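Student: the amino acid sequence is not available; the structure is as follows:
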C-alpha cells in the first residue's frame with residue numbers, strides 16, 4: 001500500500017498536504033481513507049519529510065525517492081490517471097480566477113504554495129490542447145505579477161498555452177488577462193494593451209460577468225499607465241457599474257479607488273475624498289492585499305491638499321505591508337520624498353528620490369508613472385536643488401541611489417539608514433581623510449578645502465586619491481555620495497582672520513631644518529609642507 005502511495009506522490013514535486021495526497025490516491029478508496037496513517041508511517045521511515053510549521057501539515061517526498069517512485073509509476077502505467085487527478089485538483093483550486101472579480105489573498109497564497117506543482121502539471125499538458133492549462137497558467141501569472149524579482153517563466157507558459165489551445169476555450173480570457181498583466185509588469189505597453197483588448201472583447205460575449213469587471217479594471221490600469229486617462233476612466237466606470245450590480249464589494253472598492261485617482265489628477269479633490277472614504281474601509285477590512293494603490297491615491301490627495309502629515313501616513317502605511325505590485329512600493333517611496341522636500345528635509349527627500357530612481361531603472365517592469373505624478377516628483381527634486389548647493393544635492397541623490405531596497409524602505413519609514421555614529425560600519429579612513437570627504441559633500445573645491453583644513457592643495461589631492469583607492473570609488477562624485485551616506489561631520493570653519501593671534505616667534509626658530517634648493521620650508525603646527533612663495537602670494 002505504501003509503495004503505491006509513493007508512486008502516486010511522485011507527481012507532486014512541490015509538496016502536498018493530506019487532502020492533496022488523498023486526491024491523488026483516489027483511484028483506491030481504501031488507500032485514500034487511510035492516508036493520514038500512511039503519511040505518518042512514511043514520515044517515520046524518513047521517506048517523506050514535513051515542510052514548514054503551518055496547519056494543515058504539508059510534506060514533501062525526498063527527491064531521490066520521488067524519482068524512483070516516478071519510474072515505478074511509469075512502469076506500472078499509472079501515470080495517466082495520477083496526472084489527470086493532479087490537473088483536476090489544481091483546476092478546482094484555480095477556478096476562482098475565472099469565477100470571481102477579485103481573488104482573495106488566501107487563494108493567492110494557496111497558488112503560491114502550489115507553484116511548483118502548477119508548473120509540473122503544465123509541463124504534462126504542454127504537448128496537447130487541454131484548455132485547463134490556460135487557467136493554471138493564469139494562476140501562475142497572478143502569483144508572479146507582483147514579485148520584486150521578475151521571473152519570465154510564467155509569461156512563457158501563458159504564451160504557450162494561448163498558442164496551443166482553441167480560440168474558443170472557456171478559460172482563454174483568463175490567460176489573455178494574465179498575458180496583459182505580465183506585459184504591463186514588464187513595461188511592454190503595446191502588448192499589454194493588445195492582450196487586454198482581446199480579453200475584454202472575448203468576455204463581453206459572456207455577458208456582464210465578475211470576470212469582465214476585473215478585465216475592465218486591468219485594462220483601465222494599463223490605459224492609465226499609457227497616459228490614456230479618458231479611456232482608463234471609461235473602463236473603470238464600467239467595471240464599477242458591474243461591481244455594484246453584482247454586489248462585488250472588492251471590485252467596487254478598487255474601482256472607486258482608481259476613479260479617485262483620476263479625480264485627484266483632474267483637481268476634483270472633494271469628490272476624490274468621498275470615493276476614497278468609501279473604498280478604504282472595505283479594503284482594510286476584507287482585502288488588504290489590494291489596499292495599496294488606494295493608499296497611494298489617498299497620499300496623493302493629501303499632497304494636493306498640502307496635508308503633509310496625512311500624506312506621509314498613507315505612504316508609510318503602504319510600505320509597512322507587502323505591496324502586491326512593485327509600482328505601489330516605488331510610488332510610495334517617491335511620495336515620502338515629495339513630503340520631505342515640501343517640509344524642507346531636502347537631504348532625506350533627495351536620498352529617497354535617488355533610491356526610487358534606482359528601483360525604476362534597475363528593475364525591469366517598474367514604470368515611470370503617469371505625467372501628473374512625474375511632475376510632482378520633478379518639482380520636489382527641483383526645489384531641493386534650488387535650496388542646496390548643486391554638488392551637495394547631487395551627493396545626496398547619489399547616496400540614495402546607492403541604498404539597498406531594505407535601506408530605502410527604512411529611510412522612507414523614518415529610520416535614518418546611516419544610524420548614530422556608534423552603529424556606523426567601521427571604515428579604514430583616517431580622521432583627516434574623513435574631514436576631506438565631508439567637505440567634498442559641501443561642494444568645496446580642493447583649494448577651499450585646503451584653506452579650511454590649513455593644508456596644501458597637494459595634500460588635499462593626496463587625501464582624495466587615497467580615499468578613492470581605499471574605498472574603491474571611481475570619481476569625486478562617488479566620494480561625495482559615500483560621504484553623504486555616512487553622514488560625516490565636516491571640520492569646524494576657521495575663525496575670522498582678525499581674531500587669530502600669532503605667537504611672536506622669530507622666523508629662524510620656526511624653520512625646523514635647513515632647506516635644500518627646490519625644497520619648500522616646513523613650519524610647525526601646519527600639518528604639511530608649505531611653499532614659502534605660495535604662502536606669500538596667498
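Tutor: Yes, it's here. Please read these numbers as outputs of a predicted model, since none were measured by experiment.

Student: domain ranges for this protein?
Tutor: 118-247, 262-417, 429-486, 500-538 (automatic domain parsing).

Student: and stretch 454-469, average pLDDT?
Tutor: What stretch 454-469 shows for mean pLDDT is 87.

Student: ditto for stretch 101-120
Tutor: 90.

Student: residues of it that come out buried?
Tutor: For stretch 101-120, a neighbour-count test (16 or more other C-beta atoms under 10 Å) marks 101-103, 107-108, 111, 113-115, 117-120 as buried. The way it works is simple: take the backbone N, C-alpha and C, and place the C-beta from them, glycine included.

Student: quick check: end-to-end length of it?
Tutor: 27 Å (C-alpha to C-alpha, to the nearest Å).

Student: what strand or helix carries residue 467?
Tutor: Using DSSP states H and E, residue 467 sits within helix 457-471.

Student: repeat that for residue 175.
Tutor: Here residue 175 is assigned to helix 172-185, by DSSP H and E.

Student: what separates that helix from the chain centre, distance-wise?
Tutor: 20 Å (C-alpha atoms, centre = their mean, to the nearest Å).

Student: just to revisit the earlier point, tell me which of the buried residues of stretch 101-120 fall in helices.
Tutor: Secondary structure assignment by DSSP state H places 107-108, 111, 113, 115, 117-120 of the buried residues of stretch 101-120 in helices.

Student: show me where the stretch 201-350 of the chain has helices.
Tutor: According to DSSP state H, counting those that start in this stretch, the stretch 201-350 of the chain carries its helices in the segments 210-225, 229-245, 249-265, 269-286, 292-304, 308-320, 326-342, 346-362.

Student: and residue 192, which of those is closest to it?
Tutor: helix 210-225 (4.8 Å; C-beta to C-beta).

Student: report the distance from the helix holding residue 467 to the chain centre.
Tutor: Per C-alpha atoms, centre = their mean, the centroid offset for helix 457-471 relative to its chain is 37 Å.

Student: check stretch 120-135 too.
Tutor: With C-alpha atoms, centre = their mean, you get 31 Å for stretch 120-135.

Student: list the buried ones in it?
Tutor: Buried, per 16+ other C-beta under 10 Å, within stretch 120-135: 120-122, 124-125, 130-135.

Student: equivalent analysis for stretch 175-187, please.
Tutor: In stretch 175-187, counting by 16+ other C-beta under 10 Å, buried: 175-186.

Student: list the contacts for the residue nearest to residue 316 when sequence neighbours are not counted?
Tutor: Nearest non-adjacent residue to residue 316, counting by C-beta to C-beta, 6 or more residues apart in numbering: residue 413, 5.5 Å away. Listed by C-beta atoms under 8 Å, 6 or more residues apart in numbering, the contact partners of residue 413 are 316, 319-320.

Student: now the buried residues of stretch 101-120 in JSON lines, with distance to residue 286?
Tutor: As requested, the buried residues of stretch 101-120 are arranged in JSON lines below (distance: C-beta to C-beta, whole Å):
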{"residue": "101", "distance to residue 286": "13"}
{"residue": "102", "distance to residue 286": "10"}
{"residue": "103", "distance to residue 286": "13"}
{"residue": "107", "distance to residue 286": "13"}
{"residue": "108", "distance to residue 286": "14"}
{"residue": "111", "distance to residue 286": "19"}
{"residue": "113", "distance to residue 286": "21"}
{"residue": "114", "distance to residue 286": "23"}
{"residue": "115", "distance to residue 286": "25"}
{"residue": "117", "distance to residue 286": "28"}
{"residue": "118", "distance to residue 286": "26"}
{"residue": "119", "distance to residue 286": "30"}
{"residue": "120", "distance to residue 286": "33"}
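
Student: wait, residue 235 touches residue 224, no?
Tutor: No: using C-beta atoms under 8 Å as the test, residue 235 is too far from residue 224 to be in contact (9.2 Å).

Student: more neighbours: which of these two?
Tutor: The residue with more neighbours, out of residue 235 and residue 224, is residue 235; 25 against 21, by other C-beta atoms under 10 Å.

Student: redo the helices of the stretch 201-350 of the chain as TSV? Include distance to residue 166 and mean pLDDT.
Tutor: Listed next are these as TSV, based on distance: least, C-beta to C-beta, whole Å; pLDDT from 0 to 100:
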stretch	distance to residue 166	mean pLDDT
helix 210-225	18	93
helix 229-245	27	95
helix 249-265	29	94
helix 269-286	36	92
helix 292-304	35	94
helix 308-320	42	92
helix 326-342	34	90
helix 346-362	40	88
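
Student: distance to residue 371 added to those, as a markdown table?
Tutor: Formatted as a markdown table, the helices of the stretch 201-350 of the chain follow (distance: least, C-beta to C-beta, whole Å):
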| stretch | distance to residue 371 |
| --- | --- |
| helix 210-225 | 11 |
| helix 229-245 | 9 |
| helix 249-265 | 9 |
| helix 269-286 | 18 |
| helix 292-304 | 14 |
| helix 308-320 | 20 |
| helix 326-342 | 14 |
| helix 346-362 | 15 |
